[in-house]
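**Q** below are the sequence and a predicted model for it; my questions follow.
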Amino acid sequence: LPTPAPVDPGTAPAFDVDVVVVGAGFAGLAMLRELRDERGLSVQVLEAGDDVGGVWYWNRYPGARCDVDSTDYSYSFSSELDEEWNWSERYATQPEILRYVHHVADKFDLRSDISLGARVVEASWDEDSSHWHVSCENGLTGRGRYLVMATGCLSATKRPELDGLGDFRGQVLHTADWPAEPVDLTDKRVGVIGTGSSGIQVIPTVAPVVDQLFVFQRTPTFSVPARHQVLTDADRAAIRAELPQRRELLRKSPTGLSVPITRQSALEVDDKERRAHYEEYWATAGFGFLLSYSDLLTNRESNDTAADFIRSKIAERVEDPELREKLTPRTYPYGAKRPCVDTGYYETFNRPNVTLVDIAESPLAKVTETSLHTSTAEYELDVIVFATGFDAMTGSLLRPEIRGRGGETLREHWQGGPLTYLGLATSGFPNMFIIAGPGSPSLLGNVMVSIEQHVDWVSDLLTRSLAEGTPTIEAQRDAEAEWVAHVNAAAAGTLYWEAASYYLGAEIPGKPRVFMPYAGGLRRYRRECDQVAQDGYAGFSRT
Ligand code: N01
C-alpha cells in the first residue's frame, strides 16, 4: 500500500467540504453534479487518474467498447444533454464514451471540483468532529462530513504472479491499464492471457494487425454476437422520440436493459419453438440473450437448452474440430460467469496467425527474457497482454486504508466478505456511502441505472438528514446482518454458485467466497430502498 507523502501538521487541509467523493467515473461525476448543483452542498472529488472517466479512462485497449446500448448507458438527468449528444453506434467505443464523459464534465463545470492524480490512500472517521479525514498519495489532504466511495466495481486490476515477468524484454500491458500513447502491435508476436469480456474484444481487433497472436485460455467463454450497428440520423431520431418512455422502462425493469424479457420457462415450449426463439434473440439481443427465457439462471435444465444453442453456434463458427472443442464451454452454466458479447471472436481462431493455448491443460509456468512458458511449451513473444480482469467489487474499496469507529478498518470489518446495508453503507463506518457496490445489483444489470438510483437515494438521505439536524448517519448492525442474509437468499436459488466467477470472489486466491451482488433484480431492489426511505430510513441511526 503506498503511504501518503508527509504533510506538515501545521498546514491547513487542502479541502474542507460537505462531501468527499472518491472517483470521477460515471458514478462520481453524477454524485458531484447532483449534490452540488441540485442540493447545494460543497463537494470535493478525488480521482486517481489524470483525467475523468473511471473505467473508460483506464480501459483504452484496442477494441474496447460498451456492451450495453449507448442510449441506455448514458445519463438521464438532463434532456438538454440528450438533445445535443449524438451516439454514432449502438455500442459506443471507449474513445466515444470518454468524449461523452468529457463533454458532461465540461458542460456542467464539474472539473472545478475534481482533483486529478489524487489517489486516496487513507480515510479515517474522526469521532470528535464527526468528519472523514482523507489523504491522497500525492500529499493532498482534507476532510468532509460525508465520504462517498464511487470507485467502481472493476477498478483494481489483477495480474497473475508469473515467475520471471520482470526479466521479460518485451512490452507488458494490461487491458485495464493501457498506455495513453498509441501502442503499435503491427507485425509483433503478441500473447493475450485471459478470455473474459476484455480478451474477447482485444483478440479479434489485434489479430489482423499482429504477426502471431497466442491466446492463453484457462476457461472457455460463452459469447453471443454483439450486433454492432452504426446509427443513422433516422435511428437517432427514432431513439429520441421514445427516450422518455425507454428510460422509464429501464428504471422499472429488473435489469436496466432495454431488451425484452420473455416471461416463460425455456421448458414450456418444444424444441422447434425454442430454437426459433433463441435464433430471434441471437440475431438482435447481444448481452440480453440471457433474458430469452425467464429461468435460465435458476433452472439447470433450462440453462442447458441455451448453453447447447450457443455451443451449436460456436460449432458453426470454428472450422477445426479440436480447436472448436477447446473453445466450447462445458463445465459451468451459461450466465453463471458474466456473459460476453463479441464481434468475430470465435472466427478469429480460424486465422492462420492465431493460436489457442489451453492453459487449463498446460498451465502458465514462467517468463524469460524472450518468452512465456507453459508447463509444456515455450512461446517467443514481443508483447504480453494481461486481459486477466480485476479484484472485483471489493478491490477498489479495500485498497485504501479506510478506518471507521474505534479505528476498525474496512478490511477487518469485511474479512469474511463484504457486509453492507442495502449495498450502500456499512456499520461502524458512519457517513460513508458506496455507489453500486457489493450488496447492490451493481454488475448484474446495467450499472448506469444502478448508479443513478444510488446517487438520487443517497442525495435524498443526506439532504434530509442535514435539514433535520441529524447529520450523522450509520447503518445499524442488525439491519446490515439482515440485508446480508437477504442478499444470500436472493442468490440461493440461482445457478451463480456453479461457476468460479468474480461475483463469488473466485477470481482472487484466498478471497472470501460469498456472492456479492444483489441477485433480486434492480426493480425489487429499488422498491426495497424506497420502502426504507418511506419508513424514515429504517435501519439507519441518525444522530
Ligand atoms: O476480466 P474477467 P475482463 N491465469 O475476470 C483469465 C467488464 N467489461 O477484464 O475464467 C490465467 O472477466 C480468466 O480465466 P478464468 C465486464 O463486466 C465490460 O475480461 O478465471 N488466466 C478470464 O478468462 C466483465 O465481466 C466490457 O479461468 C487467468 C480472464 O482472465 C469485467 O469487466 C468490456 C488468470 C479474466 O476475465 C471483467 O472483464 C470489458 C490466471 N492467473 C470488460 N486470472 C464491456 O462493456 C484470470 N485469468 C464490453
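**A** Done, it's in.
**Q** and the stretch 51-200 of the chain, which of its residues are near the ligand?
**A** Proximity of the stretch 51-200 of the chain to the ligand (Cβ under 6 Å from any ligand atom) is limited to residues 65-67, 154, 160, 175, 193-199. Where C-beta positions appear, they are placed from N, C-alpha and C, glycine not excepted.
**Q** among those residues, name the ones in strands.
**A** Counting by DSSP state E, these place Ile193 in strands.
**Q** what's the local residue count around the residue of the stretch 101-250 of the chain found nearest the ligand?
**A** Closest to the ligand within the stretch 101-250 of the chain is Gly196: 2.2 Å, counting by Cβ to the nearest ligand atom. Using other Cβ atoms under 10 Å, Gly196 has 22 neighbouring residues.
**Q** my guess is it contacts Phe386, does it?
**A** No: using Cβ atoms under 8 Å, Gly196 makes no contact with Phe386, being 11.2 Å away.
**Q** what's the helix or strand for Glu96?
**A** helix 94-107 (DSSP states H and E).
**Q** residues in contact with the spatially closest residue to His103 that is not a sequence neighbour?
**A** Nearest residue to His103 in three dimensions, chain neighbours excluded: Trp85, at 6.7 Å (Cβ to Cβ, 6 or more residues apart in numbering). Each residue near Trp85 by Cβ atoms under 8 Å, 6 or more residues apart in numbering is listed here: 74, 100, 103.
**Q** how near is Ala64 to Asp308?
**A** 31 Å (Cβ to Cβ, to the nearest Å).
**Q** cool, Phe429 as well?
**A** In terms of Cβ to Cβ, Phe429 sits 46 Å off from Asp308.
**Q** around Tyr334, count how many other residues there are.
**A** Look at Tyr334: counted by other Cβ under 10 Å, it has 24 neighbours.
**Q** from memory it sits against Ile310, does it?
**A** Yes: between Tyr334 and Ile310 there is a contact under Cβ under 8 Å: 6.1 Å.
**Q** show me the common contact partners of those two, please.
**A** Phe222.
**Q** quick one: secondary structure of Arg143?
**A** Using DSSP: H, G, I helix; E, B strand; the rest coil, the structure places Arg143 in strand.
**Q** if I read this right, it contacts Ser130, doesn't it?
**A** No: in this structure, Arg143 is not within contact of Ser130 by Cβ under 8 Å, at 10.2 Å.
**Q** these two: who's more crowded?
**A** Arg143 (20 against 13).
**Q** burial measure for the residue lying closest to that one once chain neighbours are set aside, as a count.
**A** For Arg143, ignoring the flanking residues on the chain, the nearest one in space by Cβ to Cβ, 6+ apart is His131 at 4.5 Å. Residues lying near His131 (other Cβ under 10 Å) number 22.
**Q** let me see the contact set for His131.
**A** His131 makes contacts with 125, 143-145, as judged by Cβ under 8 Å, 6+ apart.
**Q** show me what the helix or strand hosting Arg246 is packed against.
**A** Counting by DSSP H and E, the element that carries Arg246 is helix 243-252. With contacts taken as 3 or more Cβ pairs under 8 Å, 6 or more residues apart in numbering; DSSP states H and E, helix 243-252 sits against helix 447-467.
**Q** what mean pLDDT does whichever helix or strand comes after the helix it packs on have?
**A** Remark: after helix 447-467, the chain's next helix or strand is strand 473-475, criterion DSSP H and E. Mean per-residue pLDDT for strand 473-475: 98.
**Q** could you list the buried residues of the following helix or strand past strand 473-475?
**A** Counting by DSSP H and E, the next helix or strand C-terminal to strand 473-475 is helix 477-492. Going by neighbour count (16 or more other Cβ atoms under 10 Å), the buried part of helix 477-492 is 479-480, 483-484, 487, 490-491.
**Q** likewise for stretch 172-192?
**A** The neighbour-count check on stretch 172-192 (16+ other Cβ under 10 Å) flags 173-176, 178, 183, 185, 188-192 as buried.
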